[in-house]
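S.K.: Got a sequence here, can you build the structure:
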Amino acid sequence: MALITLSLRPVRRAIAAVPLILALATAPAWAQALPPGVETPLAPSVDPLGTCDFANVTLQAAVEGFWAMPRNAAPARMTGQTQVARYDGMPGASVRGKAKSFRSVKAEYERRVADLSACVVTIQGRPYGLEGMIEAAPADKEATDVEALFRLRDPPEYLSNLRIHAHAYWSMSAWTVVAAGIPSEWLEGHGRDAYRTEQRLRRAGLVWRPLSTAPPAPDPLAAFDVDALIKAGDSLVARARDEADTPVNWGVRALPFFDTACRRGSMLGCGRKGWLMSDGFGGGSPAQAQPYLEKGCAVKDANSCYKLADRMLVGYPSAETRSRAMAMIFQACEDGSGVACGRAADSLTVTTPDTKPDWPRIMKLYERACAKRDSWACLRGGKVYYFGNAGVAKDLNQARNMFALGCTGRGTLMGEACRYAGAMYVAGLGGERVDDLAKLMFKRGCNKNDAASCKSIGLPVP
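M.R.: Sure, this is the predicted structure:
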């Protein structure tokens, strides 16, 4: 079987990517023209913020995905806050009332709602006014809460799910809460509360009405032509792959470039926008992404076609639909999608009474996927080479290279790839012993919450 050689050079480049990229003095013209903030990591606010600023920072953090923040931390604190904001998809700040009555929270709640009604937030360098659904103050003594919701005015689709929730309640105790982020019925705490509130206010007949208006602002991408927009977006997506442990969500920051290219008529730009949205970047959803993926696939964008096929396999597809989707996945692999190659390989590992896995073909697909930086394929293929099986001989050199490439991927489960790579480097398995690379691999694994990696280098277990 012909093996694809996987070089360690991409691993070393990925490890050193942050200082190297920031030190470049002669960036191409499109990179020099990046809008303000694109190169700026998200930093949690230290000082308490006013209502509007709190919502602004927290919404931006929601778009970024809250990466590099402890689970119970929050990106900002609000003035008057008396309870720790918890991370649950929509961090919130709570201000305690003095008594168990609406009177004790009325002034605080109305002040926060007034602040938000006049608020202009800035997301990815673009200002947005707000519109809201604001419930009238309770008129009967049996009521125990009153709520208001706010959202961006005229946002692109991938920001349309952002919400700000203001809530005053009084029963066992009295509180005024402001939370911001992306609501979902699958979350706990503020995220679920905001989702249910929107459903309730709609049933009560409330509609969104405009409140604040954003000032005119120049389009930061106006000087980019379509080709430059796609090139810039692709570069940021590559950074998302290569700088998986940094607090900058480069995938999210690529969205405005692809969105602008799409709005200017680029089918490829639409496809790129769709596959980022389908992964939830910026708060987008697979359903919102569908029409953009179709446009991308129409111009043979391999990743768009893969994502469309993946959508077809959700739930319980018919045998005909499944067969068509798998054909699309194999074709997307041939057209250059690494993740499609990994998915194709997985499909061939299934054993039935009539078939056995074609391991030479499977490993060729895993190698192709890993070479294109599909981290899952690197981990799965690396394990096959590490342990061997009835159809594949052990190949520790190939296993080490694949684990090392898998370690560059984002996601806590990729910590396992880092741990395998670190163990092989420190033991000299599959090649020479390289202690420095072993430490880097273990550190990356620890950053991905792999407890064994942390223990290997004496760091606290997460």
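S.K.: so what's L293 up against?
M.R.: If you count contacts by Cβ atoms under 8 Å, 6 or more residues apart in numbering, L293 has them with 271, 274-275, 278, 304-305, 307-308, 311. (Glycine included, C-beta is placed from N, CA and C.)
S.K.: From the residues you listed, keep the buried residues only.
M.R.: Among these, those classed as buried by 16 or more other Cβ atoms under 10 Å are 271, 274-275, 278, 304-305, 307-308, 311.
S.K.: Pick out the most distant pair among those.
M.R.: Maximum pairwise distance among those (Cβ to Cβ): 13.4 Å, between G271 and R311.
S.K.: Show me where this structure has its strands.
M.R.: In the chain, strands defined by DSSP state E lie at 92-96, 121-123, 126-128, 130-134, 145-152, 163-170, 174-181, 209-210, listed in chain order.
S.K.: quick one: contacts of the first one?
M.R.: By that I understand strand 92-96. Contacts of strand 92-96 (Cβ under 8 Å, 6+ apart): 54, 74, 76-78, 80-83, 85-86, 105, 108, 165, 173-180, 189-190.
S.K.: List the buried residues for it?
M.R.: Neighbour-count burial for strand 92-96 [16+ other Cβ under 10 Å]: 92-95.
S.K.: Equivalent analysis for the second one, please.
M.R.: Within strand 121-123, the residues that qualify as buried are 121, 123, counting by 16+ other Cβ under 10 Å.
S.K.: Pull up the per-residue confidence for G271.
M.R.: Per-residue pLDDT puts G271 at 96.
S.K.: list the contacts for it?
M.R.: Counting by Cβ under 8 Å, 6+ apart, G271 makes contact with 292-293, 295-297, 299, 301, 303-304.
S.K.: Name the spans of the protein whose pLDDT lies under the cut-off.
M.R.: Counting by pLDDT under 70, the chain contains low-confidence ranges at 1-46, 66-73, 84-88, 241-248, 282, 462.
S.K.: Which residue lies nearest the spatial centre of it?
M.R.: Nearest to the mean C-alpha position of the chain, by Cα atoms, centre = their mean, lies F281 at 4.4 Å.
S.K.: and it, how far is that from G65?
M.R.: Distance, F281 to G65, by Cβ to Cβ, to the nearest Å: 8 Å.
S.K.: what does R77 give?
M.R.: In terms of Cβ to Cβ, R77 sits 20 Å off from G65.
S.K.: which stretches of the stretch 151-300 of the chain form helices?
M.R.: 190-203, 226-242, 250-263, 267-278, 286-298 (DSSP state H, counting those that start in this stretch).
S.K.: could I get these as a markdown table with distance to G381?
M.R.: Formatted as a markdown table, the helices of the stretch 151-300 of the chain follow (distance: least, Cβ to Cβ, whole Å):
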| stretch | distance to G381 |
| --- | --- |
| helix 190-203 | 36 |
| helix 226-242 | 17 |
| helix 250-263 | 24 |
| helix 267-278 | 23 |
| helix 286-298 | 27 |
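S.K.: Most tightly packed of those?
M.R.: helix 267-278 (a mean of 27; mean count of other Cβ atoms under 10 Å).
S.K.: Turn the strands of the chain into TSV, columns for distance to G415.
M.R.: Below are these laid out as TSV (distance: least, Cβ to Cβ, whole Å):
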stretch	distance to G415
strand 92-96	30
strand 121-123	31
strand 126-128	35
strand 130-134	39
strand 145-152	35
strand 163-170	32
strand 174-181	26
strand 209-210	46
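S.K.: Out of those strands, flag the one nearest A232.
M.R.: strand 126-128 (16.1 Å).
S.K.: Determine the set of other helices and strands touching the closest one.
M.R.: If contacts are counted by 3 or more Cβ pairs under 8 Å, 6 or more residues apart in numbering; DSSP states H and E, strand 126-128 sits against strand 121-123.
S.K.: mind listing what the strand it packs on pairs with, with the direction of each?
M.R.: As defined by DSSP bridges, the strand partners of strand 121-123 come to strand 126-128 (antiparallel).
S.K.: A438: which of the contacts of G271 is nearest?
M.R.: A438 lies nearest to N303 out of those, by Cβ to Cβ, at 33.2 Å.
S.K.: wouldn't the closest one be in contact with G274 here?
M.R.: No - the criterion here is Cβ atoms under 8 Å, and N303 misses it with G274 at 9.1 Å.
S.K.: what is in contact with the two at once?
M.R.: G296.
S.K.: how much space is there between the closest residue to G415 other than its chain neighbours and A417?
M.R.: Excluding the flanking residues, the one nearest G415 by Cβ to Cβ, 6 or more residues apart in numbering is D450, at 2.9 Å. Distance of D450 to A417, given as Cβ to Cβ: 9 Å.
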